[in-house]
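# Sharing a model that was predicted from the sequence below.
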Amino acid sequence: MPEMIEPPLAGLVVVDMSQFLSGPYCSLRLLDLGARVIKIERPDGGDLSRRLYLSDTEIGGDSTIFHAINRGKESLAIDMKNPADLDALKALIAKADVVIQNFRPGVIQRLGLDYEAVKAINPGIVYGSISGYGEEGPWVSRPGQDLLAQSRSGLMWLNGDHDQGPVPFGLAVGDMLAGAALCQGLLAALVRRGISGRGAHVETSLLEALVDFQFEVLTTYLNDGRRMPKRSGFRSAHAYLSAPYGVYPAQNGYLALAMTPIGKIEKLLDIPELAAFSDNPSSWFTERDDIKKLIAARIAAGTVEHWLSLLEPADIWCAKVLDWDELMEHEGFQTLDMLQTVTREDAVSILTTSSPLRVNGQRPHGDRAAPRIGEHSDRIRKEFNL
């Protein structure tokens with residue numbers, strides 16, 4: 001058993017003024033690495049994501065999404081229109097290591113809490129900002145919402161089949177990727193502060209994160225005569241990859257096939273019609289729909305387990321497509337120990353995910369649920385003399 005060690009960010013104080021998903025996702029990653037996260041919330045309603053429902057399920061009066069992304073944090077209720085509360089917040093920031101905000105452009109300046117103002121209070125502060133589209137340009141005043149950012153990023157034209165039109169991701173990928181990118185930048189700035197004593201302002205946006213997410217395919221586009229990618233018209237899984245890349249229905253589920261020479265598929269799956277394509281790799285792209293239809297017809301005739309028994313021993317890159325029930329029951333997932341139960345004094349208990357990172361062989365686990373609005377206000381005010 002690895003020796004228990006202090007988490008890498010133990011002792012660091014993060015003041016998180018952000019709401020919804022992107023900023024709180026960043027502070028969640030910092031919390032999992034040992035930082036103390038003090039969440040700043042309005043006394044009248046708190047973070048708007050408390051009422052942002054993914055379903056009709058709520059726990060302790062708050063949405064499941066709020067619980068998932070704010071577990072383990074402390075809540076300090078601050079009315080930013082109240083001068084005394086604003087002074088208390090500035091006093092807290094003076095003792096913090098990191099500040100995170102994702103207000104609409106211009107709002108943070110009006111509050112007097114922009115980077116330059118905070119730097120005057122705390123010269124060594126590491127300050128993180130997330131916006132929808134950056135701080136300049138025609139989109140600055142537009143809502144920085146995930147679906148809208150996906151729409152402006154070009155990302156939707158990579159999903160689905162050719163005739164489907166744009167297909168959005170079924171996750172808030174812009175929010176999560178922007179939060180992860182900001183976390184990386186803040187960690188780098190903390191390293192620099194440890195060396196030089198100087199703080200920094202780290203900025204990103206949903207759009208920048210989504211463009212970076214596409215760096216591989218965008219680089220192809222930019223250096224290939226700017227030809228638009230063309231999705232497969234049949235069981236598309238990647239606009240730039242040839243057959244057999246895709247997901248195929250079998251008798252009892254779905255089978256994913258990744259990059260594989262068509263000649264090997266022809267013999268292993270006994271599809272003689274593929275012989276016409278086996279020695280012509282360029283046809284694996286130009287004729288990919290026809291090839292994939294031949295493969296699909298064959299896969300549909302057997303079970304997933306049957307095809308895996310033929311393909312996996314031959315080192316073909318393939319996998320059964322699992323749903324969440326199957327994932328949770330699989331030993332491969334259970335071995336990772338990625339779930340945890342967090343609780344609160346008012347009998348709130350929620351089963352949720354834990355950190356995706358392991359440090360010295362150990363995955364950080366916590367036992368504290370997301371806070372009630374202002375749950376820790378009295379203690380924080382007393383501790384920091386606010």
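Received the coordinates, thanks.
# Show me this structure divided up by domain.
13-213+334-383, 246-321 (automatic domain parsing).
# any chance of those domains in CSV, plus mean neighbour count?
The way it works is simple: take the backbone N, C-alpha and C, and place the C-beta from them, glycine included. Shown next, in CSV, are those (neighbours: other C-beta atoms under 10 Å):
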stretch, mean neighbour count
domain 13-213+334-383, 18
domain 246-321, 16
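# how about these in CSV, adding mean pLDDT?
Converted to CSV, the domains of the chain look like this (pLDDT from 0 to 100):
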stretch, mean pLDDT
domain 13-213+334-383, 95
domain 246-321, 96
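# possible to save those as a markdown table with distance to N223?
Formatted as a markdown table, the domains of the chain follow (distance: least, C-beta to C-beta, whole Å):
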| stretch | distance to N223 |
| --- | --- |
| domain 13-213+334-383 | 16 |
| domain 246-321 | 17 |
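# Does L177 belong to a helix, a strand or coil?
Per DSSP: H, G, I helix; E, B strand; the rest coil, the local secondary structure of L177 is helix.
# surely it meets F215?
No: with contact defined as C-beta atoms under 8 Å, L177 does not reach F215; the gap is 11.6 Å.
# How much space separates the nearest residue to Q150 once chain neighbours are set aside from A181?
Among residues not flanking Q150 along the chain, P168 sits closest, at 5.3 Å (C-beta to C-beta, 6 or more residues apart in numbering). Taking C-beta to C-beta, to the nearest Å as the measure, P168 falls 20 Å from A181.
# Could I get the contacting residues of G61?
R50 (C-beta atoms under 8 Å, 6 or more residues apart in numbering).
# pretty sure L268 contacts L310?
Yes: counting by C-beta under 8 Å, L268 does reach L310; the two are 5.4 Å apart.
# who touches both of the two?
Counting by C-beta under 8 Å, 6+ apart, L268 and L310 have no common neighbour.
# Mind listing the strands the host helix or strand of T352 pairs with, and their directions?
With secondary structure defined by DSSP states H and E, T352 is part of strand 349-353. When pairing is defined by DSSP bridges, strand 349-353 lines up against strand 339-343 (antiparallel).
# contacting residues around the strand holding T352?
Residues contacting strand 349-353 (C-beta under 8 Å, 6+ apart): 59, 64, 67-68, 71, 338-343, 369.
# Pick out the most distant pair among those.
Spanning the widest gap among the contacts of strand 349-353 are I59 and M338, at 19.7 Å by C-beta to C-beta.
# Is T341 bridged to anything, and to what?
Bridge pairing for T341 - DSSP bridges - gives L351.
# what's near enough to touch it?
Applying C-beta under 8 Å, 6+ apart, the residues contacting T341 are 349-352, 367.
# And the pLDDT at E3?
We have a pLDDT of 60 for E3.
# Wait, I316 touches L257, no?
Yes: assessed by C-beta under 8 Å, I316 is found in contact with L257 at 7.3 Å.
# Pull the contacting residues for A296.
A296 touches 234-235, 248-249, counting by C-beta under 8 Å, 6+ apart.
# which SS class is it?
helix.
# Could you check how far it is from M228?
Counting by C-beta to C-beta - A296 and M228 are separated by 26 Å.
# cool, N360 as well?
Where M228 is concerned, N360 sits at a distance of 46 Å (C-beta to C-beta).
# can you check C26 too?
Distance from C26 to M228, by C-beta to C-beta: 33 Å.
# what's the answer for I380, then?
Distance from I380 to M228, by C-beta to C-beta: 53 Å.
# Find the residue at the geometric middle of the chain.
Residue closest to the average C-alpha location in the chain (C-alpha atoms, centre = their mean): M176, at 3.0 Å.
# same for whichever strand or helix holds A181, what does it pack against?
Per DSSP H and E: A181 is located in helix 173-196. Applying 3 or more C-beta pairs under 8 Å, 6 or more residues apart in numbering; DSSP states H and E, we find helix 173-196 packed against helix 22-32, strand 98-101, strand 126-131, helix 146-153, strand 200-205, helix 206-213.
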